[in-house]
Every structure is written in C-alpha cells, then in structure tokens.
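Trainee: Need a 3D model of the following:
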Amino acid sequence: QPDVEGLVPDGKVMVHWAEITSSDKWPCLQKGSAVEFNLKKVVVKSGSAAIIRAAGVTLPGGEAVALDGELEEKREPVGNRGDRYSGTIKFYDTKK
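Mentor: Below is the predicted model of the structure:
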C-alpha cells in the first residue's frame, strides 16, 4: 500500500516476486514490511486494459530484501536439513 493516498486505484499495488530486488532463492515480502518501489503500467493480455504494478521493490534506502535465512530458521525440515530427494512428475496443472 503506497504511503501517498490516491496514487493508485483502490490504494493497493500488486508486487510480482520477480520485481523484488533480492538474492533469495524465492523472493517474498512479509506483511507490514516497509518497502520502496517504482510503479509500472502492465497491459493485460487482451490489450484493452492495463494495471499498475510495483517494480524494483527494495527495503527503504534501496537495500535488497533478504528473508531466506530468517524464514529458513522457522521451517521444520522433513528428514535432515539439506537432504535432497529424487522423483518423477506424474501430473502438472498448467491452468494454475
């Protein structure tokens, strides 16, 4: 949510994970975190409309978002931490 009221419709900005400046394996944000971002217009597939999204999302001051270590400590591993397993994909839902 932008600090400036009326900047975007409904006062909400969507953040795609790829727009988060981070070296984390799976970049994410935590609810209530303060961030800085640019805005960009993204045309929807039909080409008849556009949405406003966040771009170049960082922590205040331009610092990269780094939550992997913090989140990893909270996870309970299955087996031993760091173990790798192999398998075969039986299905994949392309509509999700």
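Trainee: So, low pLDDT: which residues of this protein?
Mentor: Scanning the chain for pLDDT under 70 picks out 69-75, 77, 81, 96.
Trainee: In it, which residue is most central in space?
Mentor: Trp17 (2.8 Å; Cα atoms, centre = their mean).
Trainee: now that residue: how far from Val57?
Mentor: As defined by Cβ to Cβ, to the nearest Å, Trp17 lies at a distance of 9 Å from Val57. All C-beta atoms are positioned from the backbone trio N, CA, C, and that covers glycine.
Trainee: Only the buried residues of stretch 8-27, if you could.
Mentor: For stretch 8-27, burial by neighbour count (16 or more other Cβ atoms under 10 Å) applies to 8, 13, 15, 19-22, 24, 27.
Trainee: Quick check: end-to-end length of that stretch?
Mentor: Length of stretch 8-27, first residue to last, Cα to Cα, to the nearest Å: 24 Å.
Trainee: That one: how far from the chain's middle?
Mentor: With Cα atoms, centre = their mean, to the nearest Å as the basis, stretch 8-27 stands 4 Å off its chain's centre.
Trainee: ok, now which ones touch the spatially closest residue to Lys40 that is not a sequence neighbour?
Mentor: Among residues not flanking Lys40 along the chain, Ala55 sits closest, at 4.4 Å (Cβ to Cβ, 6 or more residues apart in numbering). Counting by Cβ atoms under 8 Å, 6 or more residues apart in numbering, Ala55 makes contact with 19, 37-40.
Trainee: Next, format those as a markdown table and append distance to Ala64 and secondary structure.
Mentor: A markdown table is the format used below for these (distance: Cβ to Cβ, whole Å; DSSP: H, G, I helix; E, B strand; the rest coil):
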| residue | distance to Ala64 | secondary structure |
| --- | --- | --- |
| Glu19 | 13 | helix |
| Phe37 | 13 | strand |
| Asn38 | 15 | strand |
| Leu39 | 20 | strand |
| Lys40 | 19 | strand |
